[in-house]
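Chemist: based on what follows, work out the 3D shape:
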Amino acid sequence: MSSTIKFKLSFMMFLEFFIWGGWFVTLGTFLSKNLHATDFEMANVFSTQSLGAIIAPFIVGMIADRYFNAERILGVLHLVGAVLMYQMYGAADMSTFYPYVLAYMILYMPTLALASSVSFRQLTNPEKQFSGIRIWGTIGWIVAGLAISYIFRWDAAASEGALKNTFLMSGVASLVLGVFSFALPKTPPVKLDENEKPSFASIIGLDAIKLLKDKNFLIFFISSVLICIPLAFYYSNANLFLSEIGLENPTGKMTIGQASEVLFLLALPVFFTKFGFKKTILVGMLAWVIRYLLFAYGNAGELSFMLLIGIALHGICYDFFFVSGQIYTDSKAGVKYKSAAQGLITLATYGVGQLIGFWVASYVGDKYKELKATDMAAFWNHTWVVPAIIAAVVFFIFLALFKDEKIDSTNAAH
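Modeler: Reported below is the predicted structural model:
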């Protein structure tokens, strides 16, 4: 792979995740402080990510994979996304904001698969080369968070209302990536024989549904959906929580989570090989329980270290469950259903699981909202104990029902 192509792919990944990290992390705080959204209105907005994840396979599988160059669709989606970001920047209330964020997420979520598709088609040895490209996405997310907290200070208490500028920043980045995408290596659709055209069911992962006949895979599948409920609490509440209890530069500090993600991603193959799949995924589940208990009982003063440890656990929470889960799914699917199986898991977790999670989070927030006005610390304590309990229940279900089995981890890169 030439250095020019490597640079282009790395820059594409940097911008792809800079855009997402540039507004999504602070979204809960923006909705609460700028648009004065209710808990159910916030759930509606966060659910757009899940709706986008559910619709994404149709856009990528039925259009991008069959009719148009992936890099051109990537460019068009980000150019339209830049316009929608500008509209979100100017929105003054929820009724104006929601249609734009819904349209944006339906267009953005497919770009995650498109960016990976463009990369994989250019790599001569994806297993070894892709991580070096993908890591620039994590760096982009980190840079966006650091810029918000330490350069622009938009999430500072004194900058009331300034968080709307995150949409302008992400919109500019989306515009740049939209234009830059047309300079990416050409990635035309793969031509298939007439009898090889993918079915509608295979595109959205339904071909892999027969894997659920395997009791172990069924337990894993159900656990994957359930663990996304506490995950949704983190996405919708973490930044708002850190901001409301007075932790300085919350968005910048949350980038510790992405840094730990990189470190634990490197440690995962060693842990996976030594301890096996079941123990690895149980550690990931247990990390969710510990993280939320740290959030529940920490504070922005003398116990702020508890909050920082909770943020730093993101690497274990995410990598040890979701990445090891992808490896497990890949090993169970077999050659014929590899893509379909990953599609099914993605649809179940980012789609159905988080959709349920965002609504559960909003229900909990609404249930304790009266407490928030009188005792902020007690409100957040109650809010974080709930996902800790849910994660603990999932942990014990998986521990009791999943039978340990040997997993082939040679396909870990995918």
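Chemist: what are the structural domain limits within the protein?
Modeler: 1-184, 204-414 (automatic domain parsing).
Chemist: quick one: end-to-end length of the first one, please.
Modeler: The straight-line separation of the ends of domain 1-184 (Cα to Cα, to the nearest Å) is 14 Å.
Chemist: quick check: mean pLDDT of that domain?
Modeler: Per-residue pLDDT over domain 1-184 has a mean of 91.
Chemist: grab the most central residue of the chain for me.
Modeler: Nearest to the mean C-alpha position of the chain, by Cα atoms, centre = their mean, lies Tyr350 at 7.5 Å.
Chemist: secondary structure class for that residue?
Modeler: helix (DSSP: H, G, I helix; E, B strand; the rest coil).
Chemist: any idea how far it is from Tyr318?
Modeler: 12 Å (Cβ to Cβ, to the nearest Å). Placement of C-beta: from N, CA and C, glycine included.
Chemist: ok, now Phe295?
Modeler: 16 Å.
Chemist: which one's more surrounded, these two?
Modeler: Phe295 (27 against 21; other Cβ atoms under 10 Å).
Chemist: what sits closest to that one if chain neighbours are left out?
Modeler: Among residues not flanking Phe295 along the chain, Trp384 sits closest, at 4.3 Å (Cβ to Cβ, 6 or more residues apart in numbering).
Chemist: the residue nearest to the centre of the chain touches Gln49, doesn't it?
Modeler: Yes - between Tyr350 and Gln49 there is a contact under Cβ atoms under 8 Å: 7.3 Å.
Chemist: which elements pack onto the longest helix anywhere in the chain?
Modeler: In the chain, with assignment by DSSP state H, the single longest helix is helix 250-297. Under the contact definition 3 or more Cβ pairs under 8 Å, 6 or more residues apart in numbering; DSSP states H and E, helix 250-297 sits against helix 126-146, helix 215-244, helix 304-312, helix 314-318, helix 324-346, helix 376-401.
Chemist: quick one, which of these is packed in tightest?
Modeler: helix 314-318 (a mean of 24; mean count of other Cβ atoms under 10 Å).
Chemist: kindly export that helix (C-alpha atoms) in CSV.
Modeler: Output in CSV follows, covering the C-alpha atoms of helix 314-318 (Å, rounded to 0.1, in the frame of the first residue of the first chain):
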residue,chain,number,x,y,z
HIS,A,314,-14.5,2.4,28.7
GLY,A,315,-11.7,0.4,27.0
ILE,A,316,-12.6,-2.8,29.0
CYS,A,317,-16.4,-2.1,28.8
TYR,A,318,-16.4,-1.7,25.0
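Chemist: report the distance from that helix to the chain centre.
Modeler: 12 Å (Cα atoms, centre = their mean, to the nearest Å).
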